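Q: take this sequence and fold it.
(2 chains)
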2 protein chains.
Amino acid sequence: MKLGERSYLFKNPAHIVCGYTIVGPKEGEGNFGTEFDYVLTDDLWGEKSYELSECKIHRETIKGALKKAGMQDSELGLMLAGDLLNEIVASSFAAREFQSAFLGLYNACATFGEALLIGSMLISAGFVNNCSCSTSSHFSSAERQYRYPLELGTQRTPTSQWTVTGAGCTILSTVAPEGREFDVQITGGTMGRVVDMGVDDETNMGAAMAPAAADTLITHFRETGRAPSYYDAIYTGDLGKYGMKLVKYICEDEGMTLPPNYHDCGAMYYTDKQKTEQGGSGAGCSSTAFNAHILRKLQRGELKRVLLVPTGALLSRDTPLQKQTIPGIAHAVSIEVF
Amino acid sequence: MKLGERSYLFKNPAHIVCGYTIVGPKEGEGNFGTEFDYVLTDDLWGEKSYELSECKIHRETIKGALKKAGMQDSELGLMLAGDLLNEIVASSFAAREFQSAFLGLYNACATFGEALLIGSMLISAGFVNNCSCSTSSHFSSAERQYRYPLELGTQRTPTSQWTVTGAGCTILSTVAPEGREFDVQITGGTMGRVVDMGVDDETNMGAAMAPAAADTLITHFRETGRAPSYYDAIYTGDLGKYGMKLVKYICEDEGMTLPPNYHDCGAMYYTDKQKTEQGGSGAGCSSTAFNAHILRKLQRGELKRVLLVPTGALLSRDTPLQKQTIPGIAHAVSIEVF
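A: Residues are numbered from 1 along each chain as shown, chains lettered A, B, ... in the order given. Purely as a prediction, here's the structure:
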């Protein structure tokens, strides 16, 4: 059911069969360390380059998710995937190992939200029976693609964030998985729009993305008629600690107070000792945090209603060099337990 | 209605309201030259870089399509867009000028097919009332991003193709446009899967993409139960002349003869005098050829049933340098006149 311009609630919600995550060693030492399905001891994982390692992480995460779901490759109708490598090659190269249809997505670090929205819409409408929604990022491939060669040892600014090395995959289905006490469903969502408030500092992604996150949150609550208190918890993707402050400030300014159960996956990701400045980021940030941490809480019934809002900064390496500002986007996904 | 693993036909088809195109000077001298909505005299279009020019072309194409549709920005619920620039910045930067929701897509030069498929599914299911499907490419930004600096004047290989400078946008709606003799609808489609037959020559995109195009064509006809003769014309996206030969050969080998009304947008795009070797390519190739040439034939009733199969090669500049082969993908879109 369409609500307003950008929101909808499903008559036939998509069921979350399972989630699966593979992360790098640093992520394994972070706050979700015990909850990931597989933690690498070496972020190259036997490959010759960080890019090939990211392809492998992405591919093995989808394989792991299918195995956990007890599903054959042939039962997976569609793969929705994206990542931060140029031309999303981690996703495309992962997809060539499977027989399923592939729709490549790119909304930067908000891509996981985009995948869950499109996947749940196509499942709700009956076009697909089962689909995978996966995103990845890799600290070492992202650093050298977007910023500087790793060997340069460039000093990090106080507003910077640490790109998560890892991939997360959620399997969606038209039918609920059997033998579970709680059935986790995607019940609706709000599609994000591109918001650019003129931030041009590519080491301050939180500031670039916060206006888009606030826009999506405000739109979600206005169009669905829900109050923030409807949800047991609200998680943005990777705004980081400073970005969280900004989104609270913008929402407050617009007359909406975000409740104490508002969190940010990036801000929660690493321990203070890990020196990641504002926290985690990357297309793998929200997808690994969701599938390792948030989904488990939903599956155990500890959370009943969650709003997940992955956030993305839509720049390339070239755009700041060409003096462009940084547009942001955020998608909201309603996830509820029955 | 779902048919087989990857195909479906709509109960509520999406109506094509209009198409709009902006192309570069060379494209204006090509075979579709009189059919484009706007032909640039300078491919920089007053901007300081080719990348910024591509952003402007993409943005102005969406604006032109909305104007042609007689639609306000506020009536456009969703923008589905993609391009060949790293992190699809032409699309993202175009989207920040609009209030609509934005879902960024990337399936290389098959992205226009992906956009039409997702757009028509979301419209058919009632999640969106009106959406735009747009893709762009720019010869000069693509050359320097994927290949060599333009100033180097590198000799082109006989298997190479010429990246189209241009953007095409189709507006889809739940309702048919008024006052038209013929109503053009997207009635179904087949989602592509990633196929990699080991081609590693990045100057031979036709060979890299042909197996995926053949796979999608064969799957479409098998799953829908339609024969190739069901369609008045079949158009692949940008296989070029050599890629067309390969796809005919592969289909023949699999027991399916492609009819004489099988064409390729890339192979048709330029005149022989324009020295583009195998023809046009790029994410703007099928979107400009469709909106300028094919859609007009449908709107005039000269074609009643068309299968459009945009094709894509899923490489980045880095993947051939890292000794990787080139995966391909193709999506099939059924377009019919009532």
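
Q: so what does the closest residue to A:Tyr230 other than its chain neighbours look like in phi/psi?
A: Of all residues not flanking A:Tyr230 in the chain, A:Arg305 sits nearest, at 6.3 Å (C-beta to C-beta, 6 or more residues apart in numbering or on different chains). In short, each C-beta sits where N, CA and C put it, glycine included. Torsion angles at A:Arg305 (phi, psi; degrees, to the nearest 10) stand at phi -140, psi 120.

Q: was I right about A:Arg305 contacting A:Tyr231?
A: Yes: in this structure A:Arg305 lies within contact range of A:Tyr231 using C-beta atoms under 8 Å: 4.8 Å.

Q: among the two, which residue is more densely surrounded?
A: A:Tyr231 (23 against 17; other C-beta atoms under 10 Å in any protein chain shown).

Q: show the pLDDT at the more buried one.
A: On pLDDT, A:Tyr231 comes in at 98.

Q: what's it in contact with, if anything?
A: For A:Tyr231, the contacting residues are A:Asn261, A:Arg305, A:Val306, A:Leu307, by C-beta atoms under 8 Å, 6 or more residues apart in numbering or on different chains.

Q: ok, now A:Ile250?
A: A:Ile250 neighbours (C-beta under 8 Å, 6+ apart): A:Ala210, A:Pro211, A:Ala214.

Q: so the second one: helix, strand or coil?
A: At A:Pro211, secondary structure determined by DSSP: H, G, I helix; E, B strand; the rest coil is helix.

Q: repeat that for A:Leu103.
A: strand.

Q: count of neighbours near it?
A: 29.

Q: likewise for the one 5 residues further on?
A: Here the neighbour count serves as a burial measure; for A:Ala108 (other C-beta under 10 Å) it reads 33.

Q: which stretches of the stretch 201-338 of chain A form helices?
A: With DSSP state H, counting those that start in this stretch, the ranges of helices along the stretch 201-338 of chain A come out as A:205-224, A:240-253, A:265-269, A:283-289, A:295-299, A:318-321.

Q: so how far is the last one off the chain centroid?
A: Mean C-alpha position of helix A:318-321 versus that of the full chain (C-alpha atoms, centre = their mean, to the nearest Å) differs by 24 Å.

Q: quick one: mean pLDDT over it.
A: Helix A:318-321 carries an average pLDDT of 94.

Q: then the fifth one?
A: In this model, helix A:295-299 has a mean pLDDT of 98.

Q: let me know the pLDDT of the residue nearest to A:Tyr230.
A: pLDDT for A:Arg305: 98.

Q: just grab the bridge partners of it for me.
A: Bridge pairing for A:Arg305 (DSSP bridges) gives the partners A:Glu336.

Q: and it, what is it in contact with?
A: A:Tyr230, A:Tyr231, A:Asp232, A:Ser334, A:Ile335, A:Glu336, A:Val337.

Q: of all these, which comes closest to A:Gly82?
A: Here the nearest of the contacts of A:Arg305 to A:Gly82, counting by C-beta to C-beta, is A:Ile335; it sits at 19.4 Å.

Q: how about the contacts made by the closest one?
A: By C-beta under 8 Å, 6+ apart, the residues touching A:Ile335 are A:Ile16, A:Val184, A:Gln185, A:Ile186, A:Thr187, A:Leu298, A:Arg305, A:Val306, A:Leu307, A:Leu308.

Q: now do the contacts for the fourth one.
A: Applying C-beta under 8 Å, 6+ apart to A:Ile186 gives the contacts A:Phe10, A:Pro13, A:Ala14, A:Ile16, A:Leu116, A:Gly119, A:Ser120, A:Leu172, A:Val333, A:Ser334, A:Ile335.

Q: what separation do you get for it and chain B?
A: 13 Å (C-beta to the nearest C-beta, to the nearest Å).

Q: just the last one next, same as before
A: As defined by C-beta to the nearest C-beta, A:Leu308 lies at a distance of 16 Å from chain B.

Q: so what's the residue count around that residue?
A: A:Leu308: 26 neighbours (other C-beta under 10 Å).

Q: kindly report the same for the one 10 residues further on.
A: Summarising burial for A:Asp318: neighbours were counted as other C-beta under 10 Å, giving 17.

Q: is it true that it touches B:Leu52?
A: No: A:Asp318 is beyond contact range of B:Leu52, at 9.9 Å (criterion: C-beta under 8 Å).

Q: residue numbers of the stretch 151-300 of chain A in contact with chain B?
A: Contact residues (C-beta under 8 Å from any C-beta of the partner chain) of the stretch 151-300 of chain A with chain B: A:Met191, A:Gly192, A:Arg193, A:Val194, A:Val195, A:Asp196.

Q: of all those residues, which two lie farthest apart?
A: A:Met191 and A:Asp196 (17.2 Å).

Q: on that earlier part again, who wins for most neighbours among the contacts of A:Tyr231?
A: Among the contacts of A:Tyr231, the one with the most neighbours (other C-beta under 10 Å) is A:Leu307, at 27 neighbours.

Q: please list all residues in contact with that one.
A: A:Leu217, A:His220, A:Tyr231, A:Ala233, A:Ile234, A:Tyr235, A:Ala332, A:Val333, A:Ser334, A:Ile335.

Q: which one of the contacts of A:Tyr231 is nearest B:Cys285?
A: Sorting the contacts of A:Tyr231 by how near they are to B:Cys285, with C-beta to C-beta, puts A:Leu307 at the top with 40.2 Å.

Q: please determine how far that closest one is located from A:Asn12.
A: 20 Å (C-beta to C-beta, to the nearest Å).

Q: next one: A:Ser141
A: According to C-beta to C-beta, A:Ser141 and A:Asn12 sit 38 Å apart.

Q: so these two - more neighbours on which side?
A: Set side by side, A:Ser141 and A:Asn12 show more neighbours around A:Ser141, with 28 against 12, by other C-beta under 10 Å.

Q: now the one helix or strand in chain A whose mean pLDDT sits lowest: how far from the chain's centre is it?
A: Lowest mean confidence among the helices and strands of chain A (mean pLDDT, DSSP states H and E): strand A:2-3, at a mean of 88. Its chain's C-alpha centre and that of strand A:2-3 lie 24 Å apart, by C-alpha atoms, centre = their mean.

Q: before we move on, what about stretch A:41-53?
A: 22 Å.

Q: likewise for stretch A:106-116?
A: What separates the centre of stretch A:106-116 from the centre of its chain is 6 Å, taken as C-alpha atoms, centre = their mean.

Q: can you list the domain ranges for chain A.
A: In the domain annotation for chain A, the residue ranges read A:2-173, A:184-337 (automatic domain parsing).

Q: any idea how far apart the tips of the longest one sit?
A: Meaning domain A:2-173. One end of domain A:2-173 to the other measures 21 Å (C-alpha to C-alpha, to the nearest Å).

Q: what segments of the stretch 51-200 of chain A are helices?
A: Using DSSP H, counting those that start in this stretch, helices in the stretch 51-200 of chain A cover A:89-95, A:111-124, A:139-146.

Q: any residue of the second one up close to chain B?
A: Yes: judged by C-beta under 8 Å from any C-beta, helix A:111-124 comes into contact with chain B at A:Glu114, A:Leu117, A:Ile118, A:Met121, A:Leu122, A:Ser124.

Q: could you report the neighbour count for the second one?
A: This points to A:Leu117. Neighbour count for A:Leu117, taken as other C-beta under 10 Å: 30.

Q: starting from A:Ala110, give me the distance back to it.
A: Per C-beta to C-beta, A:Leu117 is found 10 Å from A:Ala110.

Q: equivalent analysis for A:Ile329, please.
A: For A:Ile329, the distance to A:Ala110 - C-beta to C-beta - is 5 Å.

Q: which residues do the two both contact?
A: Common neighbours of A:Ile329 and A:Ala110 (C-beta under 8 Å, 6+ apart) are A:Gly192, A:Thr311, A:Gly312.

Q: dump those into a markdown table; add distance to B:Val128 as well.
A: What follows is the shared contacts of A:Ile329 and A:Ala110, written out as a markdown table (distance: C-beta to C-beta, whole Å):
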| residue | distance to B:Val128 |
| --- | --- |
| A:Gly192 | 14 |
| A:Thr311 | 22 |
| A:Gly312 | 20 |
